[in-house]
Structures are given as structure tokens and as C-alpha cells.
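**Student:** got a predicted model here, sequence first, then my questions.
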Amino acid sequence: MTRRRAATFDLRDAVRDRGFTPRGADRDALLALVADGDDDVAEHAARALAQLGTEAGHAALAAAATHTGPARTQLVQAAGRLAGGSAGEPLRAPLAAFLHDDDSRVRRAAARALGATGDARFAEALLARVRRADVDVAERKVLVSALGKLGAADAIDVVAEVAQRAADPLLRRVAEEASLRLTRDVVRAGADNRIDGDTRLPRDVIVRLSCRAGFEDVLVDEAAPLFTAKRAGAGAARGTLRRGRTLASLRTLRTSARIELLGGESPFRDDDLAGAVAHALSSPACIALLEALTVGPLRYRLAWPGDAHRRADTLRVALEAGRRCPALVNDPRDAPWEARIEPDARTHTLRIWLTPRALPDTRFDYLETRAEGASHPTVAAALARLAGVRDDDVVWDPFCGAGTELVERARLGPYARLFGTDLDADVAALAQTTITRAGLAHARVVHGDALDGAPRQAPTLVLTNPPLGRRVGRQADPGALLSHLAARLPAVLAPGARVVWLSPQPDRTARALLAAGFRVTDGTRVDLGGLVAERQVAFLP
């Protein structure tokens, strides 16, 4: 940070330091540096001047009125830095006056600043300049770009016309991008836009569901009443949802994390992926599906392989798909649909998978908040399904966290009682809140140590996802925690009881269960998001 010493302090050097904080008394000197014609120093000085607030902006515009050439442009640019936000509102009308300046560079500086404010009140002033026949290409590019940021409906037709007639390739691209922005902003602010989960599918649709890798068989089993699904790689199941079914029916699947519908397909070449995406997205099959399930505009966002941004390709897709189907609106911010791009290099076939991001999901509304280390609810649901349902079940979760395993077991079917314990008093209180919000009867959570105590009524089912990391408590690792628990379970469980848990140290915990007299089954490995554990299902004779 620059220190002020009267003998050595030089403002020209000080402004180059991003940690420099100017004083009010520096204003006139900073204005002089902005106006001195040295682009490098002027940029640093303008940044420092912006720290002095709106009054510095008014001073910059007043100084601009008395200068010519580059100094005038740089002073207007400096004022433009301060025109954003509510505090900068008083600067905008004075800036708009410079749209009529004799110097094209000054006009461009004013237009850029007004566009950056997002204040649509100044769209008409910018439109008036765009409509003039004597505006050169450089200024027209700045004007249409600024209009694209203001979201003014009146500008859509004018900017689209510029894009259509532009002979300059860069002007045409800037105008096309501005036109997309304007259309997107106007659509976003317009009518109700959502996904109707209760609409019946107009045709058979290939569906892909995701889950934690290692629970594919559980997901396939849960989906069976709706459609026949098969494992489709790690963490996925795929099948055909028949005509007449609804998206809302897929939201009943508690082990599914994401829903994808096959929207369209297209052959592709490695050098034209964007063109294939536009073709598949705007295909009749894809559009018909989107139209059937969407209320309002067909807004989508693109998800490229590897979650890359690919801004140029996204723009090309938005333009080409929009030409084929004007109802399609690319909106990366809050579109109801995500179009995930999946190229198959072996067959040179590209698929568009549509994820209904705005489809209501109330499955886990009972969770007010998540405890540190608590199970993801889809994992809890999968464990509950592995355990199965007995109407006389007395269920115990020794390390209950947020209580998700208890709730998910209750959602499956009848039970006698639910018990939860947790060594952390705050977490135990959270779990009690969870089961209360879920409306569960005959359920109780207590603050306690599972290695010292147990429910008074002998459990028929131990259902748990052990704590990891800081949630392990006094034990050195979760494997030790589960092994110690396994040793004492025969003394507290009912005859014929079963244990279902995820073990991060499966060999160790399997040995402990066998030594305690359990019969151990399963052994499927599960990816918990960077941590691999094993499904273990054990039965007590």
C-alpha cells in the first residue's frame, strides 16, 4: 500500500497501486491525470477517481466540457465508471447528453457507460443514434451492444434489423448477440414460464435417471412400476417412459437425483459440433416435446461436455436454433430446461438430453437444513429400500444426523417405532425437528452415544449411514465406530434383526459383523461424492 510522505509522494506513481486510497483533496489532481492523454496513467487515475463517489463523476463531466480530443473521451469514461448502481443514477442524464457530441469517441464512451448501467430509460436515446444514417460502423457496434444490455422491448426490432443488414461481420455478430440478449430479457420478464409436470407425454420418451454410483439396481427396482429401466453406466438407469405418463410421476422416485429426457439426435462432425447441437435442439421431435411440457416460452440453457462454457459455440447454437425455431430462447441464467450435449465420438451421433430444471420437487421438503455430514436424501432413500419393509419394524439409526434415514424408511411403508441417537446435541435436535416436519408418528430422537446405550424396545432394523470427518467424534475413524457397534448389537437387537449401512472400511466391518454372529451380504461399492463406501446388509439369526 502506498504511503504518503510529503517529500517522496507522487500521485502519478500512487495510482498504479491498486491498494491506493485517494483523498477528497486529490480530486482535481486525479482529473488532471485522467485528462493528460497518457492512456496508462489515465486508466489508473480513473479507477482511483471512482473511489471518490458521484461528485467526482459530476466533476469529470464538467471537466470534459472544457477539453477536446482524448482528454474529453477519458473524462467521460471516468464518469461512466460511477454511473452504475443507485448512487450513480444522477450521472446518467448528463452522460446521455454526450451521445450528441461532435467526437465519435466521446459518443461511444457515453453509450458504453449507459449500456453498463442497465437503465432502460435511456434506450430511446441510444435508439435515436442507431437510426441515424450517418453513424459509422464503430459507433453502431457500441450502440447496439449497449442496447442489448438494457433489456428494452422497443429495441428488439431495430437491433434485429441491424443484424440482418450489416455488411461488417463484427457488427453483424455484435447485433445478433444483442438481439438474443434483448429477446431473452423481455421473455424472462414476461408471462408465467414453467414446466407442467402433470401434462401427459405426447409420445414415448427415452428417459435417463441418475443416482449415486452403486445404487443403480435400487433405482431400477424403484422405477419398475413406471417403466422398465436398465442400468446405463455408473450412476444411471435408462428406459422408455410410455406415452400418457407424466413427468410428475418421475418425481415420485426417491432414489433419483436427476431426470433427463432424450430430446433430439443428430449426426455430427468433429469440426461442427455447434451445428449439430442446433440441428438436434430445433428438431421437430425436440420442439414438440418442449412445447407439450412447457408453459410459456421455450427457454433453455446449454450444458457442454465437461461443463465448458464455449461462449462462441453457445452463441452460434442460439442463433441457428433460433432461426429454425424462433420460439427457442437461450437463457443461461434461470431457464426451466437444461439441454445437456452428449457427443458419441465412436458413432458420430450427438444427443440432446433435456433436464426439467423447473419441475417441482417436493420429495424432501421435510429437510429444513442439512447437518454437517448428513446423508443426501437420495442415499438415505436407497438404503431404506435395501432394508425393505416389515410392519413390525422397530428402526434404530445410531448416528442419525439430520434424520433422513428414519424419514425415508417411514415413507416406504408401515413400521412400529422409529428411534434415532446422535452424539451431538444440536444435531439430535435437528433430527427431531426433521421427523416433526415429516409428520412421523411413534418416532423419537435422543442425544446419546450409540456405543453406550440403545432403545429400550429391541430394534428389528439398524439403518444408518455412519458419520464421517469431524462427525466421527471420539473415534479415530468410522470403521472403528462401526466395528465397535457391531460387537454390541447382538445384545440389543431382536432375533432375526437386520443391519443396513454404508461402510468406508468394508473388510474391517464385515469381519466385525461376522464375529458378532451376523450373516453378511451385498458388498456393492457406492460413490458418495469422492468417498467410496460399501453397501453391507447383515442378518442376525
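**Tutor:** Arrived safely, thanks for sending.

**Student:** what helix or strand is T524 located in?
**Tutor:** Assigned by DSSP states H and E, T524 belongs to strand 519-527.

**Student:** can I get stretch 358-374 in CSV? Just the C-alpha atoms.
**Tutor:** In CSV, the C-alpha atoms belonging to stretch 358-374 read as follows (Å, rounded to 0.1, in the frame of the first residue of the first chain):
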residue,chain,number,x,y,z
ALA,A,358,-38.1,-26.1,-13.1
LEU,A,359,-40.1,-29.3,-12.5
PRO,A,360,-41.4,-29.0,-8.9
ASP,A,361,-39.6,-31.3,-6.4
THR,A,362,-41.3,-31.7,-3.0
ARG,A,363,-39.9,-35.1,-2.1
PHE,A,364,-37.5,-33.8,0.6
ASP,A,365,-39.3,-30.7,1.9
TYR,A,366,-39.1,-32.2,5.4
LEU,A,367,-35.4,-31.1,5.4
GLU,A,368,-35.3,-27.6,6.8
THR,A,369,-31.5,-27.6,6.8
ARG,A,370,-28.7,-30.1,6.4
ALA,A,371,-26.5,-31.3,9.3
GLU,A,372,-22.8,-31.4,8.6
GLY,A,373,-22.1,-34.9,7.2
ALA,A,374,-25.7,-35.8,6.9
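
**Student:** now that stretch, how far from the chain's geometric center?
**Tutor:** Distance of stretch 358-374 from the chain centroid (Cα atoms, centre = their mean, to the nearest Å) equals 16 Å.

**Student:** ok, residues contacting that stretch?
**Tutor:** 193-195, 197, 247-248, 251-252, 254, 259, 336-337, 377, 401-402, 404, 407, 427, 430-431, 433-435, 437-438, 467-471 (Cβ atoms under 8 Å, 6 or more residues apart in numbering). For the C-beta atoms, the positions are set from N, CA and C on the backbone; glycine is no exception.

**Student:** what does stretch 232-240 give?
**Tutor:** 204-216, 219-220, 223, 227-231, 527.

**Student:** what mean pLDDT does it get?
**Tutor:** Averaging pLDDT along stretch 232-240 gives 96.

**Student:** chain center to that stretch, what's the gap?
**Tutor:** Distance, centroid of stretch 232-240 to centroid of chain: 23 Å (Cα atoms, centre = their mean).

**Student:** show the end-to-end separation of that stretch, please.
**Tutor:** 13 Å (Cα to Cα, to the nearest Å).

**Student:** list the buried residues for the top helix by length along the chain?
**Tutor:** In the chain, taking DSSP state H as the definition, the longest helix is helix 169-188. Buried residues in helix 169-188, counting neighbours by 16 or more other Cβ atoms under 10 Å, are found at 171-188.

**Student:** that helix packs against which elements?
**Tutor:** helix 137-150, helix 156-165, strand 298-303, helix 311-324, strand 328-330 (3 or more Cβ pairs under 8 Å, 6 or more residues apart in numbering; DSSP states H and E).

**Student:** run the angle between that helix and helix 156-165 for me.
**Tutor:** 150 degrees (axes from the mean of the first three to the mean of the last three Cα atoms, to 10 degrees).

**Student:** list the contacts for the residue nearest to T421 when sequence neighbours are not counted?
**Tutor:** Excluding its sequence neighbours, the residue lying closest to T421 (Cβ to Cβ, 6 or more residues apart in numbering) is G448, at 4.6 Å. Residues near G448 by Cβ under 8 Å, 6+ apart: 421-423, 428.

**Student:** let me have those in CSV, extended by pLDDT and neighbour count.
**Tutor:** Listed next are these as CSV, based on pLDDT from 0 to 100; neighbours: other Cβ atoms under 10 Å:
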residue, pLDDT, neighbour count
T421, 95, 24
D422, 92, 29
L423, 88, 21
A428, 92, 21
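
**Student:** re earlier: who touches the longest helix of the chain?
**Tutor:** 137, 140-141, 144-145, 147-149, 151-153, 155-156, 159-160, 162-163, 166, 193, 297, 299, 315, 318-319, 322, 329-331, 333-334.

**Student:** under the pLDDT cut-off, which ranges of the stretch 151-300 of the chain? List them.
**Tutor:** Along the stretch 151-300 of the chain, no part satisfies pLDDT under 70.

**Student:** can you show me the helices along it?
**Tutor:** Taking DSSP state H, counting those that start in this stretch, the helices of the stretch 151-300 of the chain run over residues 156-165, 169-188, 216-223, 247-250, 273-281, 284-293.

**Student:** as a markdown table, those with distance to H58 would be great.
**Tutor:** Formatted as a markdown table, those follow (distance: least, Cβ to Cβ, whole Å):
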| stretch | distance to H58 |
| --- | --- |
| helix 156-165 | 31 |
| helix 169-188 | 30 |
| helix 216-223 | 63 |
| helix 247-250 | 55 |
| helix 273-281 | 46 |
| helix 284-293 | 50 |
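
**Student:** so, low pLDDT: which residues of the stretch 401-541 of the chain?
**Tutor:** Looking at the stretch 401-541 of the chain by pLDDT under 70, you get 468-476.

**Student:** now do 90
**Tutor:** Judged by pLDDT under 90, the stretch 401-541 of the chain has its weakly predicted residues at 423-424, 427, 451-454, 466-480, 528-531.

**Student:** phi, psi of A486?
**Tutor:** As for A486, its main-chain torsions (degrees, to the nearest 10) stand at phi -60, psi -40.

**Student:** which residue packs closest to it, ignoring adjacent ones?
**Tutor:** Nearest one to A486, counting by Cβ to Cβ, 6+ apart, is A512 at 4.0 Å.

**Student:** export the helix or strand harbouring the one you found as PDB, just CAs?
**Tutor:** Here A512 sits within helix 506-515, counting by DSSP H and E. Output of helix 506-515 as PDB, limited to C-alpha atoms (Å, rounded to 0.1, in the frame of the first residue of the first chain):
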ATOM      1  CA  PRO A 506     -15.800 -52.800   4.400                       C
ATOM      2  CA  ASP A 507     -13.300 -55.600   5.200                       C
ATOM      3  CA  ARG A 508     -12.900 -54.400   8.800                       C
ATOM      4  CA  THR A 509     -16.700 -54.000   9.400                       C
ATOM      5  CA  ALA A 510     -17.600 -57.300   7.600                       C
ATOM      6  CA  ARG A 511     -15.200 -59.100   9.900                       C
ATOM      7  CA  ALA A 512     -16.700 -57.400  13.000                       C
ATOM      8  CA  LEU A 513     -20.300 -58.400  11.900                       C
ATOM      9  CA  LEU A 514     -19.300 -62.000  11.200                       C
ATOM     10  CA  ALA A 515     -17.500 -62.200  14.500                       C
END
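
**Student:** mind giving me the packing neighbours of that helix?
**Tutor:** So helix 506-515, by 3+ Cβ pairs under 8 Å, 6+ apart, packs with helix 478-492, strand 498-503, strand 519-527, strand 532-539.

**Student:** distance between that helix and the chain's centre?
**Tutor:** From the chain centre to the centre of helix 506-515 is a distance of 40 Å (Cα atoms, centre = their mean).

**Student:** thank you kindly, that will do.
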